[in-house]
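K.L.:
I would like to see how this sequence folds:
(2 chains)
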Amino acid sequence: MAAAASERDTPPVNGNDEIALEPFEAFYARSIDLVFRAVLLATRNREHSEDAAHEAFARALRQWDTVGRHPNPLAWTIRVAINVNASSGRIWRREQPEPPEVAVVDELPMDPFLIRAVWRLPRRQRQVVGLRVLADLSAEQTAAALGISEGAVGAHLHRALATLRENLASSEYAEAQG
Amino acid sequence: MNDELLTEEIKRVFGRYRATPVSAGDLAVDHRPARRGLVRPAILRLGASGVFVAVCLATVALVFQPFTPTSEPASVFASWRRVPTSPDPAMAGWASSHCTNTKLPLLVQDQRGSASLFVFREGTSFVTCVVWTVDSSTEKGWFSAACSGTFDDSAQPIELSSELQAEAAYDDSVNAAVGQARGASSVVIVTRDGLEIEASVRDGVFAAWWPTHGLIANSNIREIRSYRMDGTLIGDLPVPQSSASPVMLGTPEPSPSGPPIPVAS
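P.N.:
Below is the predicted model of the structure:
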């Protein structure tokens, strides 16, 4: 799979050294949660997702002169994080059947139903939702990160959203809403 | 709710998940949390006839090389049968060396079509491993997911030692059960939807796998029955739905450096 192999060590650059390099710290601060959420949804394991996200940022930091000039450092980092997680899965990995609980003060009645419905999507659909929706990657970037075609990205996203709509309509949430 | 609104809602609700921040200095030195490498046991509790506790650990072996995908993977379960089919020796050989690096001897192979559930056992220690074949436009080769545990030494006629599930392909999941059935020559597993599956049995250990559409939140087994050679019932173990949940195994992911694709027979 060329897509998975190409990101590992030598991120492509856009060839324009004149572009101001964003400080790594700023990139990290605005991106760490996006990477974490995308990997969390792809893997359904909070701890592994944190590990993979931090590993990916550590690699980005080591090559920041290059990664920082990548057309989309966020896409590069997510791709590395997903592959890091796949590699760690060779040893020990376990998915969590329920999404992690996080206390929030402004939760709407629909929120737990929606989170659970997304969490229970099939693997590919979750991955696509994580990258396309949570991380705002383009279809092309998502396809490259997951090693699938752009058409497949669109199909998985379409199916995921249809499933979510259907599940929410039939959930206790819908019943509660009358 | 239209697509745009739904995606905005997804973004909003998942906004609650935040990574634990690490300083750039820590990233540069050693970002890895101390927990990495720790083995976390998942506890499977079963009520029924006596309390049984299994410790189960999940592993995933990666064995395929995907190429440019064009469509969804085909179901890997078309060849599944309610009664075990002839064991695939090539798959058994591969499982012995790839599933978990275990050195335990193979005890049971529950083959059903192009997928097989293996139980390796020595004494009370066991490793179960599901191996299934994927041959689609996106993925090709053998996948496996494994779990280790310990058999209980109680005298119950039937014990369910492990109930597992793994997301195998698209919406399909592999479900598996392994346990002990003392003195039994045959074992029947009855699923929640009434499917009766004849398990593979050897030396008092039974194993069976079956497909489901999607993942199952609670136990998918309603009852397990064991029989003597002459067909008389030895034991009948009802499995309350609320008392057990399958251990979910990790989903294999694409890897650029996995082992070569084996040739499925």
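
K.L.:
Could you list the low-pLDDT ranges of chain B?
P.N.:
B:24, B:28-76, B:100-102, B:134-141, B:167-172, B:214-218, B:241-265 (pLDDT under 70).

K.L.:
the helices in chain A, which residues?
P.N.:
A:2-6, A:24-43, A:46-62, A:64-67, A:73-88, A:111-119, A:123-128, A:139-146, A:150-170, A:172-176 (DSSP state H).

K.L.:
Adding mean neighbour count and distance to residue B:175, write those out as CSV.
P.N.:
Where you see a C-beta, it was placed from the backbone N, CA and C, and this is true even at glycine. Shown next, in CSV, are those (neighbours: other CB atoms under 10 Å in any protein chain shown; distance: least, CB to CB, whole Å):
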stretch, mean neighbour count, distance to residue B:175
helix A:2-6, 16, 29
helix A:24-43, 22, 21
helix A:46-62, 23, 23
helix A:64-67, 17, 42
helix A:73-88, 24, 23
helix A:111-119, 19, 19
helix A:123-128, 25, 16
helix A:139-146, 23, 26
helix A:150-170, 17, 21
helix A:172-176, 12, 26
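
K.L.:
which stretch in the ones you listed has the least confidence?
P.N.:
Comparing mean pLDDT across the helices of chain A, the weakest is helix A:2-6, with a mean of 34.

K.L.:
how about the residue nearest the centre of chain A, what does it touch?
P.N.:
In chain A, the centroid-proximal residue (CA atoms, centre = their mean) is residue A:38; its distance is 1.9 Å. Contacts for residue A:38 (CB atoms under 8 Å, 6 or more residues apart in numbering or on different chains) come out as A:78, A:81, A:82, A:130, A:131, A:134, A:135.

K.L.:
Recalculate using a threshold of 10 Å.
P.N.:
Counting by CB atoms under 10 Å, 6 or more residues apart in numbering or on different chains, residue A:38 touches A:49, A:53, A:74, A:77-79, A:81-82, A:126-127, A:129-137, A:142, A:145, B:14.

K.L.:
and if you look at residue A:72?
P.N.:
A:14, A:78, A:79, A:137, A:138, A:140, A:141, A:144.

K.L.:
pLDDT at it, what is it?
P.N.:
At residue A:72, pLDDT is 85.

K.L.:
Please tell me how far the spatially closest residue to residue A:134 that is not a sequence neighbour sits from residue B:5.
P.N.:
Spatial nearest neighbour of residue A:134, chain neighbours left out: residue A:37 (4.6 Å); criterion: CB to CB, 6 or more residues apart in numbering or on different chains. In this view, residue A:37 and residue B:5 are 19 Å apart by CB to CB, to the nearest Å.

K.L.:
again with residue A:164
P.N.:
Taking CB to CB, one finds residue A:164 at 11 Å from residue B:5.

K.L.:
do residue B:208 as well
P.N.:
Look at residue B:208 and residue B:5: by CB to CB, they are 45 Å apart.

K.L.:
With neighbour numbers in mind, choose between the two.
P.N.:
residue B:208 (27 against 9; other CB atoms under 10 Å in any protein chain shown).

K.L.:
All set, thanks.
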